[in-house]
Structures are given as structure tokens and as C-alpha cells.
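A.B. asks: Test case, fold it:
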Amino acid sequence: MREARRMIAPYKWIDPSTLPHRGETTQNWIAFDEDVDPEIMERWRQRYAGACEANDLAADNDNELPAAATPTKSKLTADEEREYLENFQREQLLPGERGELVFDDAAFRAPSTGPFWHIKEAIIEGFAGDVFMGVLDGAPKLHVDGIVEPITPSAPFPLVDPSEWHGTVATEREWFLSGLIPHRQVTLLSGDGGMGKSLLALQIGATSALAIKTLGLEPRPGRVLYLGAEDEADEFHRRLDDICAAHGREIGDLTDLRILPLADQDAILSEPDAKGNMKATPLWKRVERFVKDWQPGLIVLDTAADLYGGDEIKRSQVRHFVGMLRKIAIGHKCAVLLLAHPSVAGMTSGSGYSGSTAWNNSVRSRLYLTSGEGDARILKTVKSNYGKKGGELHLEWREGVFVTHDPTEPTIADGLIASHDDKKFLAVLSKLNRNGMRPSPNKSPSFAPKMIAKHPDGKGTKTQAMEQAMHRLLDAGKIKVVQEGPPSRRYARLIVSAEDFGGVDDDADSG
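C.D. replies: This is a model prediction of the structure:
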């Protein structure tokens with residue numbers, strides 16, 4: 001146990017400009033433990049007087065150095081001491097109130113308030129204009145040579161009296177993705193390398209920005225920030241092209257998505273200092289400023305191995321890092337989705353653990369993406385403080401996106417198949433016309449859907465599917481019908497709208 005050889009330092013000031021000027025008497029006391037070296041007491045008195053003079057303030061008794069208070073025994077009970085210290089931590093000491101405050105004479109800060117600290121008497125007094133001398137936001141502190149410098153205020157002490165909730169209705173729990181990703185919390189998504197967790201996270205984020213469903217789920221609509229430390233911008237472009245096509249949207253619709261690709265940069269957000277405490281890096285501060293201004297509803301961090309600069313098996317560092325993320329989630333009212341690679345043991349056991357179990361214990365929800373047969377994937381809910389654990393979502397990788405099929409309603413799988421058919425129809429139709437053939441929109445030996453299904457590049461397609469693609473593309477204006485031949489023998493030809501093979505537009509001819 002550390003010996004409590006401490007003194008009560010000079011009081012902290014809200015703003016020196018509000019204190020009395022020279023000629024007005026202030027009343028301050030500096031109380032010391034009885035075994036404090038006299039030289040220490042003298043040094044503090046000199047610093048106090050220097051600070052007063054530097055700020056044009058009157059010290060005690062017409063600028064005379066304040067005398068050290070006579071060592072006394074505490075007049076407060078243990079409970080009273082605890083109450084005053086708690087009030088001090090809550091920054092609730094009032095002018096004229098007497099409090100028991102212990103400060104470290106070396107570090108000029110409040111040390112631990114544990115019961116082994118022997119607390120001496122100190123006096124908090126009001127000044128002219130009811131100026132309060134105590135620890136508040138922006139308060140300066142006395143320093144060597146009379147310099148006054150700002151101090152960091154103590155953290156609030158947010159006591160809650162639940163009885164005050166009587167008669168009120170509790171708010172419903174908010175989700176970003178119901179049952180999987182809680183709002184205002186950190187969710188960990190782990191998955192073996194190559195499973196597609198980055199793609200899955202991007203798909204969820206993109207559909208949130210598009211305000212549409214995906215995988216039978218409905219992400220909370222809103223802005224999304226994706227910080228990717230493993231992929232370049234071109235890779236994001238390719239993936240988003242596939243995601244948008246599968247959902248019947250254009251990449252130009254993604255106005256509520258922002259991507260920060262950091263594959264070629266140092267992406268560390270937090271790293272330990274010399275004492276092993278996790279500290280924010282300049283990148284973290286830039287990201288937090290952007291989050292404050294842009295206010296996304298989801299932040300995706302891909303992956304922990306690239307963004308976390310601490311030791312992944314040190315529980316204290318892991319918990320501190322996740323705590324920093326949670327502070328952003330709560331403070332900026334967003335969900336944070338942190339991607340991670342499981343450890344070898346985590347893969348072997350099927351738990352998906354990533355290094356220390358503190359990763360699992362520190363988050364409120366943890367998802368694990370693992371493999372099934374072939375291109376199948378299984379998204380498991382392995383931890384959920386707010387919902388059901390053990391749920392599974394069966395997915396399949398198809399043409400650059402994840403799909404799942406619900407036979408009761410059209411889903412992303414149907415949209416993906418349609419998009420694939422449309423692309424094939426356009427490509428083969430263009431080739432047919434360039435080769436001098438005349439695909440027709442009418443059922444005949446040159447019926448375009450039939451010609452495309454029989455073409456080598458159309459292998460695997462069916463005439464019926466190509467006919468449906470033709471109608472979709474006509475409705476979208478991506479293909480058109482032109483009339484060719486002499487007036488007495490007109491025939492219709494189907495072409496890609498962006499290409500010109502002669503002829504007269506069907507609409508113009510009919511007019």
C-alpha cells in the first residue's frame with residue numbers, strides 16, 4: 001500500500017480574470033500533512049504567491065505569503081469524506097462549501113480516492129462575485145514559476161436514481177440491423193480469411209445508404225462510413241458495381257456512403273503509449289472529426305488487425321480500444337461494426353474468437369461468418385446481449401454479392417439473376433448486330449431472345465429468360481426497335497440504344 005504522504009494543493013481557479021484584483025484580500029489556505037517536508041511547503045507558498053502576482057491578484061493579507069495551515073486531524077467521518085470526494089469528482093462543490101481534497105504534490109493532480117488516503121482539512125471559499133475555486137471545465141492550475149495552465153477536468157459521476165423513472169415508459173431498444181447489429185454499440189464480425197466478411201459488411205452498409213433491404217433484412221437507413229485498411233479504391237468500385245446491380249440500383253445512388261481506403265497507408269487508430277495505455281492516433285482524431293460533422297448511422301472498421309495497434313491478447317488494451325469505439329457509438333449515435341480475423345484456436349473450436357477473449361467480452365454483439373458447402377456461407381450470432389444467441393443466416397456467394405432466397409417473395413437472388421441476364425442479353429445483341437445479323441423483337445426465326453440463347457456467348461441461358469430480359473431492357477430504354485427496308489417491306493430490328501446500325505426508330509416511323 002502506498003504511503004499517503006500528500007498535501008492539499010492550492011485551489012484550482014475557473015478563470016483568473018474573474019478573481020479579485022490587487023488591493024482586494026483573498027482568503028486561501030494551503031493545508032499539509034504533518035510529515036511533509038518544510039521545503040515542500042515553502043515551495044508551494046512561493047508558487048502560489050507567484051501565480052497571484054502573475055495574474056495581478058492579491059494574496060493573503062496584502063500580498064504577504066500565505067502561511068501553511070496547522071496540521072489537523074480530519075473533522076469528517078469516513079462517510080462524509082467519501083461524500084465530499086464524490087462531489088468533487090462530479091464537480092459539484094459550491095462556493096463557501098468545505099471539502100476534503102487530496103492532491104499529489106508531485107504530479108499536481110488528484111490521486112486515487114481509495115480509503116487508504118488520509119484526508120486533511122481544506123477550505124473551499126467564495127470570492128468577490130461568488131467566484132468558485134475548484135475543478136471545472138477549462139479551469140487553470142498553479143504551476144511552477146507562477147504559470148497558470150489548463151487542467152483536464154475529472155470525468156463526470158453519472159449517478160442515476162431509477163425511482164425517478166416511475167410513471168415513464170422505457171424507450172425501445174434501437175437496432176441498426178434487427179437481432180444482429182445493435183444501434184449505439186460495437187458489434188464484432190469475425191470470419192476466416194476469404195469468407196467474404198468485408199464484402200458482407202460493404203453490402204450491408206451500401207444497402208443502408210440506399211435505404212433498401214438485403215438478405216431478407218432491413219438495415220437502418222442512413223449515412224455510412226466504411227474505413228477499409230485491406231482494399232484499394234478500385235476494389236471497392238468493383239464490389240459496389242456488383243452490389244448495386246444485384247439490387248437494381250446505380251452506383252450513382254450511393255450518395256450516403258463514404259469510403260476511406262487505407263490499404264497503402266498506416267491505418268492504426270489507437271496504439272499504446274510508453275505505459276501501455278491505449279491512445280488515439282492522429283488518424284483517429286481525423287476520423288472522429290469527420291464522424292462528428294457527417295453523422296453516419298454506421299461505421300464499418302475493416303479490420304482490427306490493421307486498425308488496432310495494441311497487443312491483441314492483452315485484455316486491458318483490448319477493452320480500452322473497444323471502449324474508445326463504444327464512446328464514439330454512443331456519443332455520435334451510430335452503430336460500429338468492427339471486422340476481425342479469428343485466431344487459429346477460434347477457427348478450430350468454431351467460436352470465432354480473435355486472440356484475447358476480451359474481444360468477445362467487450363462487445364455487445366458478435367457475429368461469425370463461416371463456410372458451408374461450395375459457395376455457401378453461414379452467418380452465426382455467437383453473442384447477443386440484447387437478443388437471441390445461436391441464430392444462423394444461410395448465404396451464398398453469387399456473382400460478386402451474397403444472396404439468400406425466400407420463396408415467398410422476390411429477393412436479392414432474383415434481382416441478381418435478372419441483372420446477369422440483362423448484361424448477357426446486351427452483350428450478345430450487340431455482337432449479333434455487329435456481325436450483320438438482324439435480331440427481331442417479334443417471334444420469328446430471327447427472334448432476338450431465341451438467337452441469343454443459341455449463341456455461344458449465351459450458353460446456359462433459356463429463351464424465356466432472355467425474353468424477360470428483352471422486355472426489361474426495352475422498358476429501361478437500353479435497347480430499342482428500329483425499322484429497316486423499303487416502305488413496302490419494312491422489318492423490325494432490335495439494337496442496343498447506344499449503338500447506331502441505321503434504320504428508323506420505331507417510334508419515329510409510327511409518327
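A.B. asks: how much space between Lys389 and Glu271?
C.D. replies: 33 Å (CB to CB, to the nearest Å). Where C-beta positions appear, they are placed from N, C-alpha and C, glycine not excepted.
A.B. asks: can you list contacts of stretch 257-268?
C.D. replies: Contact with stretch 257-268 is made by 205-206, 209, 223-233, 235-236, 240, 281, 283, 287, 294, 296, 306-309, as judged by CB atoms under 8 Å, 6 or more residues apart in numbering.
A.B. asks: Next step: these restricted to strands.
C.D. replies: Counted as lying in strands by DSSP state E, out of the contacts of stretch 257-268, are Val224, Leu225, Tyr226, Leu227, Gly228.
A.B. asks: top strand in the chain by residue count?
C.D. replies: The chain, longest strand under DSSP E: strand 376-384.
A.B. asks: what lines up beside that strand in the sheet?
C.D. replies: In the sheet, strand 376-384 lines up against strand 365-371 (antiparallel), strand 392-398 (antiparallel) (DSSP bridges).
A.B. asks: Could you list the buried residues of that strand?
C.D. replies: Judged by neighbour count (16 or more other CB atoms under 10 Å), strand 376-384 contains these buried residues: Arg377, Leu379, Lys380, Thr381, Val382, Lys383, Ser384.
A.B. asks: Dump those residues into CSV; add pLDDT and distance to Leu262 as well.
C.D. replies: Formatted as CSV, the buried residues of strand 376-384 follow (pLDDT from 0 to 100; distance: CB to CB, whole Å):
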residue, pLDDT, distance to Leu262
Arg377, 90, 26
Leu379, 92, 26
Lys380, 91, 28
Thr381, 91, 29
Val382, 89, 28
Lys383, 88, 28
Ser384, 84, 30
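A.B. asks: Go through the residues you listed and name the one nearest Ala358.
C.D. replies: The closest of those to Ala358 turns out to be Lys383 (CB to CB; 12.8 Å).
A.B. asks: OK, contacts around the closest one?
C.D. replies: Residues near Lys383 by CB under 8 Å, 6+ apart: Asn360, Val363, Arg364, Ser365, Arg366, Lys389.
A.B. asks: Find the nearest non-adjacent residue to the last one, please.
C.D. replies: Among residues not flanking Lys389 along the chain, Thr381 sits closest, at 5.8 Å (CB to CB, 6 or more residues apart in numbering).
A.B. asks: OK, contacts around that neighbour?
C.D. replies: The contact partners of Thr381, taken as CB under 8 Å, 6+ apart, are Gly179, Leu180, Ser365, Arg366, Leu367, Gly387, Lys388, Lys389, Gly390, Gly391, Glu392.
A.B. asks: filter those residues to the buried ones?
C.D. replies: Leu180, Ser365, Arg366, Leu367, Gly387.
A.B. asks: how about JSON lines for those, with distance to Leu473 and pLDDT added?
C.D. replies: As requested, those are arranged in JSON lines below (distance: CB to CB, whole Å; pLDDT from 0 to 100):
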{"residue": "Leu180", "distance to Leu473": "36", "pLDDT": "93"}
{"residue": "Ser365", "distance to Leu473": "42", "pLDDT": "92"}
{"residue": "Arg366", "distance to Leu473": "44", "pLDDT": "93"}
{"residue": "Leu367", "distance to Leu473": "38", "pLDDT": "94"}
{"residue": "Gly387", "distance to Leu473": "43", "pLDDT": "71"}
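A.B. asks: So which of these is the closest to Gln317?
C.D. replies: Distances from Gln317 to those, taken by CB to CB, are shortest for Arg366, at 18.5 Å.
A.B. asks: Does that closest one touch Lys380 like I think?
C.D. replies: No - in this structure, Arg366 is not within contact of Lys380 by CB atoms under 8 Å, at 9.2 Å.
A.B. asks: burial of Val160, as a residue count?
C.D. replies: Other residues near Val160 come to 7 when the count uses other CB atoms under 10 Å.
A.B. asks: How about the one 4 residues further on?
C.D. replies: Neighbour count of Glu164, defined by other CB under 10 Å: 8.
A.B. asks: what secondary structure does it sit in?
C.D. replies: Three-state call for Glu164 (DSSP: H, G, I helix; E, B strand; the rest coil): helix.
A.B. asks: ok, now Ala465?
C.D. replies: The local conformation at Ala465, judged by three-state DSSP, is helix.
A.B. asks: what do you get for the one 4 residues further on?
C.D. replies: The three-state label for Ala469, taken from three-state DSSP, comes out as helix.
A.B. asks: how far away is the nearest residue to Gln464 once chain neighbours are set aside from Lys459?
C.D. replies: The shortest distance from Gln464 to any non-neighbouring residue, by CB to CB, 6+ apart, is to Pro449 (7.8 Å). Plainly put, Pro449 is 15 Å away from Lys459 if you go by CB to CB.
A.B. asks: Between the two, tell me which one has more neighbours.
C.D. replies: The residue with more neighbours, out of Pro449 and Lys459, is Pro449; 26 against 9, by other CB under 10 Å.
A.B. asks: Hmm, the more buried one is touching Met466, no?
C.D. replies: Yes - with contact defined as CB under 8 Å, Pro449 counts as touching Met466 (3.6 Å).
A.B. asks: Name the residues contacting each of the two.
C.D. replies: Counting by CB under 8 Å, 6+ apart, the common neighbours of Pro449 and Met466 are Phe425.
A.B. asks: Against which helices or strands is the longest helix along the chain packed?
C.D. replies: Secondary structure of the chain per DSSP state H: the longest helix is helix 412-434. Judged by 3 or more CB pairs under 8 Å, 6 or more residues apart in numbering; DSSP states H and E, helix 412-434 is in contact with helix 233-246, strand 392-398, strand 401-403, helix 448-454, helix 463-476, strand 479-484, strand 491-496.
A.B. asks: and with 7 Å instead?
C.D. replies: Contact analysis of helix 412-434 by 3 or more CB pairs under 7 Å, 6 or more residues apart in numbering; DSSP states H and E lists helix 233-246, strand 401-403, helix 448-454, helix 463-476, strand 491-496 as its packing neighbours.
A.B. asks: circling back to that earlier point, biggest separation within the contacts of Lys383, which pair?
C.D. replies: The most widely separated members of these are Val363 and Lys389, with 13.1 Å between them, by CB to CB.
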